[in-house]
Every structure is written in C-alpha cells, then in structure tokens.
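>>> 3D, please:
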Amino acid sequence: MEFLKKNAKGILLCLCIAIPCWILGQHFPIIGGPVFGILAGMILTLFIKDKSAFQSGITFVSKKVLQYAVILLGFGLNLTVILETGKQSLPIIVTTIATSLILAYVLHKIMHIPGNISTLVGVGSSICGGSAIAATAPVIDADDDEVAQAISVIFFFNMIAALLFPTLGGILGFSTTSGESFGIFAGTAVNDTSSVTATASTWDSLYHLGSATLDKAVTVKLTRTLAIIPITLALAFIRTRSQKAEGKKIELKKIFPMFILYFVLASVITTIATSCGISADVFTPLKTLSKFFIVLAMSAVGLNTNIIKLIKTGGKPLLLGFCCWIGIALASLGMQHILGIW
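Numbers count the residues shown, from 1 in each chain. Modelled structure (predicted):
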C-alpha cells in the first residue's frame, strides 16, 4: 500500500502516455512505440508545472520497469536456435559491434562528447537500439536526458535505414532470388528490431520472397542481442575500476547488473522449454510485455527530459550516431564480401 501511495500517480501518468504510443507504434513500426513515448513525454512535461506528486512513480518506471523490460526480453531468445543459425553471421556481428564501439570511443575523445552519451549511442547502434540502451543505462548510471538523447539519435538513423536500405540493396546487387544476403545486411546494419523488421519485410515484398529475408534478419538480430550480456558486464567492471582510480570506494557487486543474470535465466528457460517440445508461442505474451515495458519506460524518460536542452546539445551526438551508422553498414558489407556472402 505504501508503494502504491508513493508511486501510483506517476505510474498512471506514464501508462496514459504509453498506451496510445504503443498503439501508434503498431501502426508506424518504422518509428516505433518507444520514440512516440519519449516524444509525448517530453512535450507533456512542458505543460506540467509541478511534477512532485508524480516524480516518484516516474522515476520507478524509468529505472526499474526499464530493467524488467530487459529481463522479459530474454523470453524471446532460444539460445540453441540462435547459436545454430547465427554461426554464419557471427564474424559480421562481432566486427560491426567492435567498429561501432571503437568509433564511439574515438569520437568521444576527439569531439569531447560526454562519456555516457557516447557509450549509449555506440552500444545502441551496434547491438539492438532501445533494448541495448535500456540494459546499459543503469550500469553506467546514465540520466534520463542522456537516455533520451541516445534514443533520439538511434531512431533518426533507424528511420533512414528502413527507408533507404532496400533501394541501396538493389543498387549494390544483393541477390533478389534469396533473402539470405540482404537479411544478414539488415540484421547487422540496422539496430532496432522494428526497423530491422520493416527493412527486411520491404525486401521480401519487392522481390516476392515470402518471409525469407525477414526470418534471416530477425535471427541475426536476435544473435546480436546476446551481446548485451558481455557488454554490460564489461561496462560494470570498467566503471568499478574508474571509481577506484578516483579514490571512491565501490564494489563491483553493488553496481553489477543483476537484471542481466535474470535476462540470461529467462533465455535459458526458453531454450529448455522449447527443447522439451513446448511451443515458443507460450512466451509470446512475455515478449509483447517486454516491448510494452520499453514504451512505458521511455514515456517516463520523456517526462524527465528537457526537450530544449536536448535540441541545443543534439549536434555532436547526431554526428556520432551518423559515424557509427555508416561504420556499421560498411563493416557489414565488407565482411559479407570477404566471407563470400555478397
């Protein structure tokens, strides 16, 4: 009862934003519910003079519900299927992730972009957009302005990729009789699941391939999602080292992302259940709930974000996102060419 008394108003406000944004995201997958949620939250907060009655609930949603979303994401991962079908794309995935993270770090140093934003944009670009940002933000203690900035950058290039890549694929000579090569390209060079789906589905529609491209792209995308585990653990370790170097007493176990262990556990449960003959459809409601939780959390992030400040400071993060996006696309194409896929 004490929890509800403290948080109910803020949670209800976030739900009132998230539900219509979730519906909009279903109708406009290129944009997606999380982006609608952040934008709606940022606009609405301009008209709320006093948020004190809502703040506790908003903070709970933006921090805890974000972690719950990542945990539930694990129920969409059958590790056996991903490891079996993802072997071909693994070298490409590793290369694109390394390219994005290295670019983010180098440009952070050269352009003096805040470390948290550089990390979020680098991880979001290379792994899986909003989900990766949701997993990384608590580990590096990113604030809501930084999360909103990273999500906005990721969204912008997601939308461009979904609109541009099917045409680019035709120009570059990807096979139009098989969805494999373009599916791998979409799965490695586009970062958010909704945009990967939109890009691959467009290719299938253009060349009447049924769902061949989409199936390949989604499998590759899910394989990329597993990179959340080592990346977040590495970031937790790095943060501990830096805090100790600054003379601050901090233990790894205090900032260790426990929700990542639950994410792994959810993946293991899914893998064991499906190997025992249980249909993967059983976990569909949990996967759907995970996606809704991300929209809900992004609505809360929007409510905590200063849109004026976001616009004023958006130039460098946008350039960083562009460099990561181009770097990932070129790395994907280069590795496919080396491996003889394209």
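>>> Just name the shakiest helix or strand of the chain by mean pLDDT.
With mean pLDDT, DSSP states H and E as the measure, the helix or strand of the chain carrying the lowest mean pLDDT is helix 252-255 (a mean of 56).
>>> and the next element down the chain from that helix?
Scanning the chain past helix 252-255 towards its C-terminal end, the next helix or strand to appear is helix 258-275 (assignment: DSSP states H and E).
>>> where does the stretch 1-150 of the chain dip in pLDDT?
Under the criterion pLDDT under 70, the flagged ranges of the stretch 1-150 of the chain are 30, 85-86.
>>> Can you show me the helices along it?
Using DSSP state H, counting those that start in this stretch, the helices of the stretch 1-150 of the chain run over 2-27, 33-45, 52-60, 66-73, 79-85, 90-111, 115-126, 130-140, 144-172.
>>> Residues contacting the fifth one, please?
For helix 79-85, the surrounding residues in contact (Cβ atoms under 8 Å, 6 or more residues apart in numbering) are 219, 222, 223, 226, 267, 268, 270, 271, 274, 275. C-beta: built from backbone N, CA, C; applies to glycine.
>>> Of those residues, which is the nearest to residue 159?
Distance ranking of the contacts of helix 79-85 against residue 159, using Cβ to Cβ, places residue 222 first at 21.6 Å.
>>> give me the element the closest one is part of.
Following DSSP H and E, the helix or strand that holds residue 222 is helix 212-225.
>>> elements contacting the next helix-or-strand element following that helix?
Stepping forward along the backbone from helix 212-225, the first helix or strand reached (DSSP H and E) is helix 228-245. The elements that helix 228-245 packs onto, with contact taken as 3 or more Cβ pairs under 8 Å, 6 or more residues apart in numbering; DSSP states H and E, are helix 130-140, helix 252-255, helix 258-275.
>>> And those helices: which comes nearest residue 284?
Between residue 284 and the helices and strands packed on helix 228-245, the tightest spacing by Cβ to Cβ is seen for helix 258-275, at 11.1 Å.
>>> Alpha carbons only: can I get the closest one in CSV?
C-alpha atoms of helix 258-275 as CSV (Å, rounded to 0.1, in the frame of the first residue of the first chain):
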residue,chain,number,x,y,z
MET,A,258,21.7,-8.4,-11.6
PHE,A,259,18.9,-7.9,-14.1
ILE,A,260,21.3,-9.2,-16.8
LEU,A,261,21.5,-12.5,-14.9
TYR,A,262,17.7,-12.7,-14.9
PHE,A,263,17.8,-11.9,-18.6
VAL,A,264,20.1,-14.9,-19.1
LEU,A,265,17.9,-17.1,-16.9
ALA,A,266,14.9,-16.2,-19.0
SER,A,267,16.8,-17.2,-22.1
VAL,A,268,17.8,-20.5,-20.6
ILE,A,269,14.2,-21.2,-19.5
THR,A,270,13.0,-20.5,-23.1
THR,A,271,15.7,-22.7,-24.5
ILE,A,272,15.0,-25.7,-22.2
ALA,A,273,11.2,-25.4,-22.6
THR,A,274,11.3,-25.3,-26.4
SER,A,275,13.8,-28.2,-26.5
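>>> Against which helices or strands is that helix packed?
Based on contacts counted as 3+ Cβ pairs under 8 Å, 6+ apart, the elements that helix 258-275 packs against are helix 66-73, helix 79-85, helix 130-140, helix 228-245.
>>> go again using 10 Å as the cut-off
Under the contact definition 3 or more Cβ pairs under 10 Å, 6 or more residues apart in numbering; DSSP states H and E, helix 258-275 sits against helix 66-73, helix 79-85, helix 130-140, helix 228-245, helix 284-303.
>>> list the buried ones in the longest one?
Of the residues in helix 284-303, those buried under the neighbour-count criterion (16 or more other Cβ atoms under 10 Å) are 286-287, 289-303.
>>> What's the separation between residue 309 and residue 130?
Between residue 309 and residue 130 the distance is 21 Å, computed by Cβ to Cβ, to the nearest Å.
>>> And those two? Which one has more around it.
The neighbour count for residue 309 versus residue 130, taken as other Cβ atoms under 10 Å, is higher for residue 130 (31 against 12).
>>> My read is that that one contacts residue 155, right?
Yes - Residue 130 is within contact range of residue 155, at 8.5 Å (criterion: Cβ atoms under 10 Å).
>>> any shared contact partners between these two?
Common contact partners of residue 130 and residue 155 (Cβ atoms under 10 Å, 6 or more residues apart in numbering): 32, 34, 35, 38, 124, 191, 192.
>>> right, and out of those, which lies closest to residue 138?
Of all those, the one with the least separation from residue 138 (Cβ to Cβ) is residue 124, at 14.3 Å.
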